[in-house]
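Student: Please find the sequence and the predicted model below.
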Amino acid sequence: MASTLKIDTITTPDGTGNITVSRPLSGSGASLTSLPAANLTGTLPAIDGSSLTGISAQKNLIINGDFDIWQRGTSFAAIGSGDLSADRWKWRIATGDSVHTVSRSTDVPTVAESGHLSSYSFLVDCTTVDASVAANALTKIRYYVEGYNFRSLAQQPMTLSFWHKHTKTGTYCVGFKNTGADQTYASEYTQSVTDTWEKAVINIAASPSAGTWDYTNGRGLELGFVIVAGTDSHITADAWSATNDECTSNQVNATDSTSNNMMFSQVQLEPGSTATDFEIRDHATELAMCQRYFERLNSADISDVNYGLLACAGTTQAFGAVFWQAEKRAAPTTTCSSGTDFRVTNSGGSPIETTSLTFAQANTQSVRAYAQVTSGLAAGDVTRLHDDGLGNSYIDVSAEL
């Protein structure tokens, strides 16, 4: 039976028959070559999205769902509420006694299992238990879909698919929440066999128009993998509810043993009610998408990296713009490693240790940096801000949701 092809926009430049599609194509049937040429009137044949070439569909709204990008590091002991680990993935603890280490793991589903070779998965290791869960306890891994991206799924059915490998068997929940936390949705999935990779597919009903939703550059939709939750968070499964709750009463306590591990891989959120193959994006594209929200400028792999040119305001200070690779979602917060990790160069070419490095007037593309030294600069000279040669310096630029 032919599938329905849903396309937001088609253009046919120059009558060549080449097309540009703004939404992913799905279904089963013929390949792109069976499309009509320039005149695209009438009914299009069914298309198998996996056979398309030359079209960047970007059907997966989850950035870094394959967990390849870890700009902040690869292991986070005693991770705290609000901390990020893998790019775009944030830890959340409302309350509770459990403590966890989050790290990058090379334990992944096989190609035979998933049809895709992943390099890494997201590992959660319980290091301190919470055996008696309070009513208001909640620990989860959360991901925010930016409003601009979520808008294409708003008020339409969507599907979440992912691979999971948990030590504790039983029922787990994934919660969805709107911007104003006044519309939430909970779905269940099951770990059937301990420490075994299994795939979950969750169909989510169309989001309601009611409630507060951000369809621009704020938090459009929150997705949360629940680890433990008390009774205060319980709602009915598979229905949007005008509450701030996010799981069902069937959620297991995955924090009752330090033997408990939880792993996730190949997370995908896409339009429609059918889970398709995991979307593969090239590494450069995935990194740039992550850098819209966070970027670390560093010297870990480069000797004497140059951060930018500064103008000397006197003998003890230089200032100027530092630019980053990717334009940010909004004006970011800029921080750095110790000020003594940086150097500026005087007119004679000698490096001078900075005593502090501060930032002001950030916009989506750059920030003004102020480098302070004890002496050695000359007013009006141009200097460069660089590493101390030991590879310890970094500048963090964060516009996270």
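Tutor: Noted; the coordinates are in hand. Residues are numbered from 1 along each chain as shown.

Student: In contact with residue 369: list those residues for me.
Tutor: 307-308, 310, 319-322, 357-359, 385 (Cβ atoms under 8 Å, 6 or more residues apart in numbering). In this view, the C-beta of every residue, glycine as well, is placed from N, C-alpha and C.

Student: Go through those residues and name the one nearest residue 91.
Tutor: Nearest to residue 91 out of these is residue 359 (Cβ to Cβ; 25.8 Å).

Student: Return the backbone torsion pair for the closest one.
Tutor: Per-residue torsions, residue 359: phi -140, psi 150 (degrees, to the nearest 10).

Student: per-residue pLDDT, the closest residue to it other than its chain neighbours?
Tutor: Nearest residue to residue 359 in three dimensions, chain neighbours excluded: residue 334, at 4.2 Å (Cβ to Cβ, 6 or more residues apart in numbering). As predicted, residue 334 sits at a pLDDT of 98.

Student: Residue 306 too?
Tutor: pLDDT, residue 306: 89.

Student: and if you look at residue 388?
Tutor: Looking at residue 388, the pLDDT reads 89.

Student: check contacts around it.
Tutor: Here residue 388 is in contact with 340-343, 351, 353 (Cβ under 8 Å, 6+ apart).

Student: Let's see that with 7 Å instead.
Tutor: Neighbouring residues of residue 388 by Cβ atoms under 7 Å, 6 or more residues apart in numbering: 341-343.

Student: swap in residue 296?
Tutor: By Cβ under 7 Å, 6+ apart, the contact set of residue 296 is 71-72, 394, 396.

Student: about what we covered before: which PyMOL command selects the buried ones in the contacts of residue 369?
Tutor: In PyMOL syntax, the buried subset of the contacts of residue 369 is picked out as below (16 or more other Cβ atoms under 10 Å):
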select buried, resi 307+308+310+319+320+322+357+359+385
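
Student: got CSV for the contacts of residue 369, with distance to residue 77 and secondary structure too?
Tutor: Converted to CSV, these look like this (distance: Cβ to Cβ, whole Å; DSSP: H, G, I helix; E, B strand; the rest coil):
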residue, distance to residue 77, secondary structure
307, 29, strand
308, 34, strand
310, 37, strand
319, 37, strand
320, 37, strand
321, 36, strand
322, 31, strand
357, 27, strand
358, 29, strand
359, 28, strand
385, 32, strand
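
Student: separation between the most centrally placed residue in the chain and residue 320?
Tutor: By Cα atoms, centre = their mean, the chain has its centre lying nearest to residue 88, at 2.5 Å. Look at residue 88 and residue 320: by Cβ to Cβ, to the nearest Å, they are 31 Å apart.

Student: same check, this time on residue 245
Tutor: For residue 245, the distance to residue 320 - Cβ to Cβ - is 50 Å.

Student: Is residue 150 in a helix, a strand, or coil?
Tutor: helix (DSSP: H, G, I helix; E, B strand; the rest coil).

Student: and of the contacts of residue 369, the nearest to residue 168?
Tutor: Ranked by distance to residue 168 (Cβ to Cβ), these are led by residue 359 at 44.5 Å.

Student: Show me what the closest one is bridged to.
Tutor: residue 369 (DSSP bridges).

Student: Pull the contacting residues for it.
Tutor: 334, 367-369.

Student: Next one: it from residue 368, what distance?
Tutor: For residue 359, the distance to residue 368 (Cβ to Cβ) stands at 7 Å.

Student: And for residue 142?
Tutor: Distance from residue 142 to residue 368, counting by Cβ to Cβ: 33 Å.

Student: With neighbour numbers in mind, choose between those two.
Tutor: Taking neighbours as other Cβ atoms under 10 Å, residue 142 and residue 368 compare with residue 142 leading, 19 against 16.

Student: Is that one part of a helix or strand, or is it coil?
Tutor: Put simply, residue 142 is strand when judged by three-state DSSP.

Student: Please name the residues that touch the spatially closest residue to residue 185 that is not a sequence neighbour.
Tutor: Excluding the flanking residues, the one nearest residue 185 by Cβ to Cβ, 6+ apart is residue 176, at 4.3 Å. By Cβ under 7 Å, 6+ apart, the contact list for residue 176 reads 184-185, 204, 221-223.

Student: In strands only, show me those residues.
Tutor: Counting by DSSP state E, the contacts of residue 176 place 184-185, 204, 221-223 in strands.

Student: With adjacent residues omitted, what lies nearest to residue 344?
Tutor: Nearest residue to residue 344 in three dimensions, chain neighbours excluded: residue 383, at 4.5 Å (Cβ to Cβ, 6+ apart).

Student: and the one you found, how many residues sit next to it?
Tutor: When neighbours are counted by other Cβ under 10 Å, residue 383 comes out with 23.

Student: Let me see the contact set for it.
Tutor: Contacts of residue 383 by Cβ under 7 Å, 6+ apart are 310, 312, 318, 344-346, 377.

Student: Shouldn't it be within a strand?
Tutor: Yes - using three-state DSSP, the assignment for residue 383 is a strand.
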